[in-house]
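Undergrad: need coordinates for the below:
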Amino acid sequence: MLSPRWEVLNEGSFASVCVRLPPDSGIHCESDAVVSMSGDVDVRGVLSGGFLAGLARTFLTRESFFTTRVENTSLEATGDALIAPSDPGGIALHRMFQGEEMFLTSGAYLAGDNGIRVESAMQAQLGNSLLSGTGFFLLRASGQGNLAISAYGSMHKYILSAGEKRMVDNGHLVAWTSSMKYKMKLASARAGIVGSMTSGEGLHCEFEGPGVIYVQSHKASVGGSEGRPRSGSSSSGGQGPLGACIGLCTAVTVLVLTLGIMGAIISGALDFDGVPIDSPTHSPTRRGKYNTYGQQQQQQYHHQQQQQQYRQRQRENNERVGGGRGGNEF
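TA: Predicted coordinates:
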């Protein structure tokens, strides 16, 4: 069977991709990405990877729940389909080989051959997730065939050799080879924190080859993109790296407080009505250790009263003895 032929049209800020489909062939693409198609081409929505994979793709990476299958139903004629992303920008065709994996940020996946599998994945390093602008969850593409990647603005591709390094501003990342290592660094190592922040660059992602990096030239501003939100932009749910940090700290604080309260209740440090067990105002109608504590308190009170009465009698006896001696001497 012949494979689909891919061609990027109008490369630049308003790119689209034309896919020529041989008889009885097809591709998959993002939902609502098909602009036009020939008469024998049919589209249908499918759950790529199953129900759980669709949920993960929707809630973790902000992609659509369903994936669109584009198929040429003719057994003789070649069909075609025109595909474009929701946001204006460039498109890159990446040829994937067996065993290769690519990480894609939210909104970067556009289309792929049937031999390409796209699923959600979580980043291993927390610092990169918070500060790189890519988010905790990414898309991972694997398999063999053509993968269409979309960007906001024009697309730039960098091929790094082994040991070669490249800095990328956070929020401009689109896709990269999954085996590549990267870490967050200040934009200027010489100027330090003040110089990096005052320059407007702040933090950059430092990648080390070998591998491929796709970078977009622009970041979507607030309200600047009406399509699917992209990672690293302030339109991505209204949160950037700082918002992600605040959200994570809030979630951790609430979790710690909840676990602490539950642990206190379970261990018996607090009664169900909120009154401490060792409080004197605790209800005497409680049984078990509550009554035991009340009895101990009562016994201690009686013991103190007896000691005070004993001291009082001792003082009175001493006074009588002293008075008698004085009278004999006179």
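
Undergrad: quick one, helices of the stretch 101-250 of the chain?
TA: For the stretch 101-250 of the chain, helices defined by DSSP state H, counting those that start in this stretch occupy the ranges 126-131, 192-198, 241-267.

Undergrad: what is the rounded mean pLDDT of the longest one?
TA: Here helix 241-267 scores 72 as its mean pLDDT.

Undergrad: number the residues from 266 up from this point.
TA: Okay, using 266 as the starting number, the last item reads as helix 506-532.

Undergrad: shaky segments in the stretch 366-515 of the chain?
TA: Applying pLDDT under 70 to the stretch 366-515 of the chain picks out residues 388-401, 451-467, 485-513.

Undergrad: does residue 357 really touch residue 479, like I thought?
TA: Yes. With contacts counted by CB atoms under 8 Å, residue 357 reaches residue 479, the gap being 5.7 Å. Bear in mind the C-beta positions are built from the backbone N, C-alpha and C, glycine included.

Undergrad: count of residues packed around the nearest residue to residue 283 once chain neighbours are set aside?
TA: For residue 283, the nearest residue in space outside its immediate sequence neighbours is residue 272; the separation is 4.9 Å by CB to CB, 6 or more residues apart in numbering. Around residue 272 there are 11 other residues, counting by other CB atoms under 10 Å.

Undergrad: quick one: contacts for residue 272?
TA: By CB atoms under 8 Å, 6 or more residues apart in numbering, the residues touching residue 272 are 282, 283, 284, 285.

Undergrad: any idea which of those residues is closest to residue 311?
TA: Residue 311 has its nearest neighbour among those in residue 284, at 17.1 Å by CB to CB.

Undergrad: may I have the beta-bridge partners of that closest one?
TA: Following DSSP bridges, residue 284 is listed with bridge partners residue 271, residue 346.

Undergrad: give me the neighbour count for it.
TA: The burial count assigned to residue 284 is 26, neighbours taken as other CB under 10 Å.

Undergrad: just to check, it is in contact with residue 346?
TA: Yes. If you go by CB under 8 Å, residue 284 and residue 346 touch, sitting 5.2 Å apart.
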